[in-house]
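Colleague: Return atomic coordinates for the entry below.
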Amino acid sequence: MLPVVNNTEVRLVREQQLFNGRPFHVFIYNKVESISGLHQHDYHEFTLVLTGRYYQVINGKRVLLERGDFVFIPVGSSHQSFYDFGATRILNVGISKQFFDEHYVSLVPYCYVASQVHTVQPAFLTYIESIIASLNFRDSEFDEFIEHVSFYVINRLRHFREQQTEDVIPQWLKFTVESMHDKSQFSENALENMVALSGKSQEYLTRATQRYYQKTPVQIINEIRINFACKQLEITNFSITDIAWEAGYSSSSLFIKTFKKLTSFTPGNYRKQLTSIS
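Modeller: Predicted coordinates for the structure are as follows:
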């Protein structure tokens, strides 16, 4: 009999259905809705957000994941995704239980919560994106790449410094940053809009974002804009100039410079090399 959570049947996904005897099962794709519903695995899994944002409900706890965030879901944890913000591009990796027990189990902290959101370092995220975009390797090399990423992700579970728990960040600041993801806020006069939403002075807002996010308001705005631009490059045929304008950049050159700084690609190369593995 399958387990029941809140009177909802939890579907069990088995390793033998997906892995074909290999240590990993990998998807890199744009998601707009969950087709699996509430489920659990007899293998381990982690999901890393490349672009976009979405919710995961893990063992009854709802968490928000954005670009660079990941969750590690061990065997038996019930979970379901919700794509309330539109298309989200994710790297999803399943790890066979046998391979995990042989190579990774010693890295997992003694006390670990499956619903904890972690963040990869920007340089490592850039590395991941550059490899995914090129895909110029053989199957054996791809396995080595996934093994490398998995080792990094699982070892990262020990880095609890990055747990910015929601009850620590002031409610007004969470509201401000959340509201800035609305296109009407970040596309024009973004900094002025952010200050107005906060109800604080620009200096006070800057001190708060640096304290709680280790970023200035302008850095937060640029990340939101470039995340929006990535999604537009992935799912539309709009010109780069049009996307730059839609994202809030009056100058295409500034857009391209900012895009490359945050992703390591020009917008043209990002779109050209974009591909999916399924």
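Colleague: use CA for all of it now, contacts and neighbours both
Modeller: Fine.
Colleague: doesn't residue 221 make contact with residue 190?
Modeller: Yes - with contact defined as CA atoms under 8 Å, residue 190 reaches residue 221; the gap is 7.1 Å.
Colleague: Which neighbours do these two have in common?
Modeller: residue 180 (CA atoms under 8 Å, 6 or more residues apart in numbering).
Colleague: Mean pLDDT per helix and strand in this protein: which one sits at the bottom?
Modeller: strand 4-5 (a mean of 40; mean pLDDT, DSSP states H and E).
Colleague: can you give me the strands for the stretch 51-200 of the chain?
Modeller: 53-58, 61-66, 69-73, 79-82, 88-95, 118-119 (DSSP state E, counting those that start in this stretch).
Colleague: Who are the packing partners of the shortest one?
Modeller: Right, the one you point to is strand 118-119. strand 69-73 (3 or more CA pairs under 8 Å, 6 or more residues apart in numbering; DSSP states H and E).
Colleague: swap the cut-off to 10 Å and go again
Modeller: Counting contacts by 3 or more CA pairs under 10 Å, 6 or more residues apart in numbering; DSSP states H and E, strand 118-119 packs against strand 44-51, strand 61-66, strand 69-73, helix 139-156.
Colleague: Compare the ones you listed and give me the one nearest residue 180.
Modeller: Of all these, it is strand 61-66 that lies closest to residue 180, at 13.7 Å by CA to CA.
Colleague: Could I get the buried residue list for that closest one?
Modeller: Buried positions in strand 61-66, judged by neighbour count with 16 or more other CA atoms under 10 Å: 63, 65, 66.
Colleague: The last one reaches residue 54, doesn't it?
Modeller: Yes - using CA atoms under 10 Å, residue 66 and residue 54 qualify as a contacting pair, with a distance of 6.8 Å.
Colleague: Give the residues shared as contacts by the two.
Modeller: residue 88 (CA atoms under 10 Å, 6 or more residues apart in numbering).
Colleague: Any figure for the gap between residue 251 and residue 25?
Modeller: Residue 251 sits 42 Å away from residue 25, going by CA to CA, to the nearest Å.
Colleague: quick revisit: would you turn the buried residues of strand 61-66 into CSV with distance to residue 195 and pLDDT?
Modeller: As requested, those are arranged in CSV below (distance: CA to CA, whole Å; pLDDT from 0 to 100):
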residue, distance to residue 195, pLDDT
63, 26, 90
65, 24, 91
66, 22, 90
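Colleague: which among those gets closest to residue 37?
Modeller: residue 63 (16.1 Å).
Colleague: how about the nearest residue to residue 89 once chain neighbours are set aside, secondary structure?
Modeller: Among residues not flanking residue 89 along the chain, residue 30 sits closest, at 4.2 Å (CA to CA, 6 or more residues apart in numbering). Classification of residue 30 using DSSP: H, G, I helix; E, B strand; the rest coil returns strand.
Colleague: I'd like the helices and strands packed on strand 118-119 as CSV, with distance to residue 240 appended.
Modeller: Converted to CSV, the helices and strands packed on strand 118-119 look like this (distance: least, CA to CA, whole Å):
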stretch, distance to residue 240
strand 44-51, 17
strand 61-66, 23
strand 69-73, 26
helix 139-156, 31
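Colleague: Select, out of those, the one closest to residue 225.
Modeller: Taking CA to CA, strand 44-51 is the member of the helices and strands packed on strand 118-119 nearest to residue 225, at 11.2 Å.
Colleague: Just the C-alphas of that closest one, formatted as CSV.
Modeller: The C-alpha trace of strand 44-51 is given here as CSV (Å, rounded to 0.1, in the frame of the first residue of the first chain):
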residue,chain,number,x,y,z
HIS,A,44,17.7,10.4,-4.2
GLU,A,45,17.1,13.6,-6.2
PHE,A,46,18.1,17.2,-6.4
THR,A,47,16.7,20.0,-8.5
LEU,A,48,18.7,23.2,-9.3
VAL,A,49,17.0,26.3,-10.8
LEU,A,50,18.8,27.7,-13.9
THR,A,51,16.2,30.3,-14.7
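Colleague: who's more crowded, residue 251 and residue 25?
Modeller: Between residue 251 and residue 25, counting by other CA atoms under 10 Å, residue 25 is the more crowded of the two (20 against 11).
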